[in-house]
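In: here is a sequence with its predicted model. Questions after.
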Amino acid sequence: MKRRATVHPRPHSPTYEALLRAGRRVRPLQQVHARIVVAGHHRTRSLLTKLLTLILCSSSSASGSIAAYARTLFLSIPEPDTFLFNSLITLAAKSGRPADAIVLYRRMSAACLEPSNYTFTSVVKACADLSASRTGRVVHSRVISNGFDSDVFVQTALVVFYGKTGDLHHARKLFDRIPNRTVVAWNAMIAGYEQNGLPEEAVAIFQSMQVAGKEPDSATLVSLLSACSQLGALSLGLWVNDYLVNKGLELNVVLGTALINMYARCGHLEKARKIFNGLQERNVVAWTAMISGYGMHGHGHQAIKLFQQMKSSGLSPNDVTFVAVLSACAHAGLVSEGQEAFASMRRDCGLVPRVEHQVCMVDMLGRAGLLDEAMLFIREETRGLPGPEVLTAMLGACKMHKNFNLGVEVAEHLLAIEPGNPAHYVLLSNIFALAGRMDRVEKIRNVMIHRHLKKQIGYSLIEIDQATHVFRMGDTSHRQTMEIYKYLEELIDKIKEAGYVPETSAALHELEEEEREFALRFHSEKLAVAFGLMNTSKNSFIRIVKNLRMCNDCHLAFNFISLVSGREIIVRDKHRFHHFKQGLCSCQNYW
DNA sequence: GTAGGGTTAG
C-alpha cells in the first residue's frame, strides 16, 4: 500500500498536541496555557492563536469571566497576524456572531494586515447573515482589488451574499463567471432563487446542473424540494424522493422536513405524515412543518393534537410553531383554542407575539364573524398602531362578512399607510362590488390606472403525466383550447341543472364590462379543471395549484363539479387547500 | 482554518 504522506505533513509539537487533547474544555485549556507560559512559549503566536480559538468555541465561552480571559489572551499575543484574525473572524462568522466578524475585519484592516481568501469568505458570509448589503458590496470591491475574485470559495460566498440580500441579478452574474463550479456553488445559486420566491429559476439551475453532470447532494435536494413546495410540483418532488432513496442518502431531519413540507404543500398530507412518523430525530422545525401542513389542509384539531404531542415530547415551540398553530385554528374556526394558544405564547413560552401572530388572530376572529372582537384585539395588541398586514387581514374579514362600513374605514386607514399596494385596492373594490356600489368600483379602478397599479395576474397549474399545464383567465394558448372551452360550457350547463347559480359579484371589479361574462366562466381554475377532467382517468384525483385565492364563484362551481363528475378535486390556492368531494369542500366554505 | 440546506400569517 502506498504511503499517504499528505495526511501527516508535519508532527505537531507536544504543546500543540496537548492543546488538541484539551479540546473545548476551559479548565484543561487553561492548564495547557500555564504550560505554554512555563515553557517560555508565551510569545509563540501559533500556539496562542490555537488556544484562543479553542477557548472561544469552548462550552463556557458565553460566561463573562471566560470572555475577559479570552480578551486578555488576545491582547497578550504579540503582533497579531492575518492568520490570527482569520481564525477569529471565521469563528465569529460560524458561531452566529456575524457583527463581531465584521468588527474584527475592520480592526484587521486598521492594523494594515492584508486580508486573504480565508478572510474574505468569512467576512462575506457574515455580511450575508446580517443582510448587510452596503458593507458586503464594499467588501466585494476589496475582494476584486486584492485579486481574490477568482477564488471559488470567495465567489461562492459572494453568490450566497447576493442571494441573501435579494440581489439575484448580481448573484447570477457572479455564478455564471465561476469556471469550475463545485456542488456548493450550484447549491448556493439554487438556494438563492428558491429563498427569494423564484422556484422556477431554482429548478432551471438544477436542470443545468444535471446537464453539466454535477451530482446533487442532500443540500441540493433540500433546496429543490423547497422549490417544489412553492410550485406545487408533485412530480418533481416525487422524483427527488426516489432519487434520494436510490442514492441511499440518509434521511436526516433537514431532508425529512423538506420532504414533509413538499408532500403537504403538494396535497399529499398522508404521505407527509408517513415521512414524519419515520423520522429518527424530530426537532421543532420538523414538528412545525407537520403542524403547518395540517393547518393549511383545514385539519385544525389534528394540528392542535400534534402541537400537544410536541410539547409532551419535551420540545418548546418557537414563534413559527405558534404561527402554524394559530393559522390552523383560523382556518378551522377553532376560536377558543386559538385564543388559548395565543395566551400561552407569553405565559408558558415567554414569546412576544409578533405581527404574524396578530394577523392570525385577526384573521381567526374575523373569519368567525367576530368583527368587533377583531377590532378590539387590534386596538389592544397594536396599541392603536396596526401594521398594514394586520389591517389587510381585517379588511379580508370585512369582505367575507360583507361589512361595508367597517370595510371602508379599515381600507382608508390601510391605503393611507400603503398607497402603492394594488392588492388593497382590489380588496376594497371587491367590497364595493359586493355592496353594489359600482360607482365606487369604477372610481377605484380609475385611481389604479392613474397610479399605474396593476393587480396580480391569476393562473392555475395542473400536472398530467408529469407535464405541467398553465392556464390564465380566458387563456386560448393551449393546443386543446377548442375542446377545453366546449367541455367547460357543457360542464357549466350540467352544474346549473344541479343547482349552481353563478355568483357574479366577484368578477365585476376586475374587468371591463364586456369581458365580464366571459371572464367569470373562464377563470383559470375552471379551465384547468376542465382540462383535468378531460385528460385523466375516472378514479384519479384532480390537483390544481392556483397563485391567488379562489373566488367565491369558482369555489361554488367546484363544489358542484365534484358532485356531477363524481371526482375528487384538490385545489391549493394562495392560502390553503380545498378538497372538493361529492359536492362539499373541506373548508366548509370557511376560507 | 475556507462556501451551501428544512418550519412562518394575510
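Out: Thanks, I have the structure now. Numbers count the residues shown, from 1 in each chain, chains lettered A, B, ... in the order given.

In: for the residue of chain A at minimum distance from DNA strand B, helix, strand, or coil?
Out: In chain A, no residue comes nearer to DNA strand B than residue A:86, which is 2.4 Å away by CB to the nearest atom of the strand. Placement of C-beta: from N, CA and C, glycine included. Of the three states, residue A:86 takes helix under DSSP: H, G, I helix; E, B strand; the rest coil.

In: how close does it get to residue A:114?
Out: 11 Å (CB to CB, to the nearest Å).

In: compare those two (neighbour count), which wins?
Out: With neighbours defined as other CB atoms under 10 Å, residue A:86 and residue A:114 compare such that residue A:86 has more, 24 against 10.

In: the more buried one touches residue A:120, doesn't it?
Out: No - if you go by CB atoms under 8 Å, residue A:86 and residue A:120 don't touch, sitting 9.7 Å apart.

In: flag every residue of the stretch 201-350 of chain A that's near DNA strand B.
Out: A:217-223, A:226, A:229, A:252-258, A:261, A:283-286, A:288-289, A:292, A:296, A:318-321, A:323-324, A:327, A:330-331 (CB under 7 Å from any atom of the strand).

In: just the stretch 1-150 of chain A next, same as before
Out: Counting by CB under 7 Å from any atom of the strand, the stretch 1-150 of chain A sits next to DNA strand B at A:82-83, A:86-87, A:90, A:93-94, A:116-119, A:121-122, A:125, A:128.

In: re earlier: out of the residues of the stretch 201-350 of chain A next to DNA strand B, which are buried?
Out: A:218-223, A:226, A:229, A:254-258, A:261, A:285-286, A:288-289, A:292, A:296, A:319, A:321, A:323-324, A:327, A:330-331 (16 or more other CB atoms under 10 Å).

In: lowest pLDDT pick from the residues of the stretch 1-150 of chain A next to DNA strand B?
Out: Lowest in pLDDT among those is residue A:94, which has 87.

In: contacts only, for that residue.
Out: Neighbour list for residue A:94: residue A:122 [criterion: CB atoms under 8 Å, 6 or more residues apart in numbering].

In: go on, the one 4 residues further on?
Out: Contacts for residue A:98 were tallied using CB under 8 Å, 6+ apart; they are A:92, A:125, A:126, A:127, A:129, A:130.

In: now with 6 Å, please.
Out: A:126, A:129, A:130 (CB atoms under 6 Å, 6 or more residues apart in numbering).

In: go on, residue A:256?
Out: A:275, A:279 are the contacts of residue A:256 under CB under 6 Å, 6+ apart.

In: just the one 10 residues further on next, same as before
Out: Residue A:266 sits next to A:232, A:234, A:237 when contact means CB under 6 Å, 6+ apart.

In: got CSV for these, with pLDDT too?
Out: Formatted as CSV, the contacts of residue A:266 follow (pLDDT from 0 to 100):
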residue, pLDDT
A:232, 93
A:234, 94
A:237, 96
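
In: show me these that map onto helices.
Out: Judged by DSSP state H, helices contain the following of the contacts of residue A:266: A:234, A:237.

In: any chance of the contacts of residue A:266 in TSV, plus distance to residue A:189?
Out: Listed next are the contacts of residue A:266 as TSV, based on distance: CB to CB, whole Å:
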residue	distance to residue A:189
A:232	22
A:234	24
A:237	20
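
In: list phi and psi for residue A:464.
Out: For residue A:464, the backbone dihedrals (degrees, to the nearest 10) come out as phi -130, psi 130.

In: what sits closest to it if chain neighbours are left out?
Out: Nearest residue to residue A:464 in three dimensions, chain neighbours excluded: residue A:535, at 5.2 Å (CB to CB, 6 or more residues apart in numbering).

In: now residue A:543: which helix or strand?
Out: Using DSSP states H and E, residue A:543 maps to strand A:542-546.

In: what residue lies at the spatial centre of chain A?
Out: residue A:195 (6.3 Å; CA atoms, centre = their mean).

In: how deep is residue A:400 tucked in, by neighbour count?
Out: 20.

In: from residue A:591, how far out is it?
Out: 9 Å.

In: any residues in contact with both of those two?
Out: Contact with both residue A:400 and residue A:591 is made by no residue, according to CB under 6 Å, 6+ apart.

In: what's the end-to-end length of stretch A:576-585?
Out: 12 Å (CA to CA, to the nearest Å).

In: quick one: that stretch to chain centroid distance?
Out: Put simply, stretch A:576-585 sits 26 Å off its chain's centre (CA atoms, centre = their mean, to the nearest Å).

In: need the contact partners of that stretch.
Out: In contact with stretch A:576-585 (CB under 6 Å, 6+ apart) are residues A:296-297, A:331, A:558-559, A:562-563, A:568-571, A:586-587.

In: residue ranges with poor pLDDT in the stretch 1-150 of chain A?
Out: When residues are selected by pLDDT under 70, those of the stretch 1-150 of chain A lie in A:1-11.

In: all helices for it, in order.
Out: Taking DSSP state H, counting those that start in this stretch as the criterion, the stretch 1-150 of chain A contains helices spanning A:14-22, A:26-38, A:45-56, A:64-76, A:82-94, A:98-110, A:117-130, A:133-145.

In: okay, now residue A:441: neighbour count?
Out: Neighbour number of residue A:441 under other CB under 10 Å is 22.

In: need the residues of the stretch 451-591 of chain A near DNA strand B, please.
Out: A:575, A:576.

In: would you list every one of the strands in the stretch 451-591 of chain A?
Out: A:459-464, A:467-472, A:542-546, A:569-572, A:577-581, A:584-585 (DSSP state E, counting those that start in this stretch).

In: from residue A:580, how far out is the nearest residue to residue A:532 once chain neighbours are set aside?
Out: Distance criterion CB to CB, 6+ apart; nearest residue to residue A:532, sequence neighbours excluded, is residue A:542 at 4.1 Å. Noted for residue A:542: a distance of 9 Å to residue A:580, by CB to CB.
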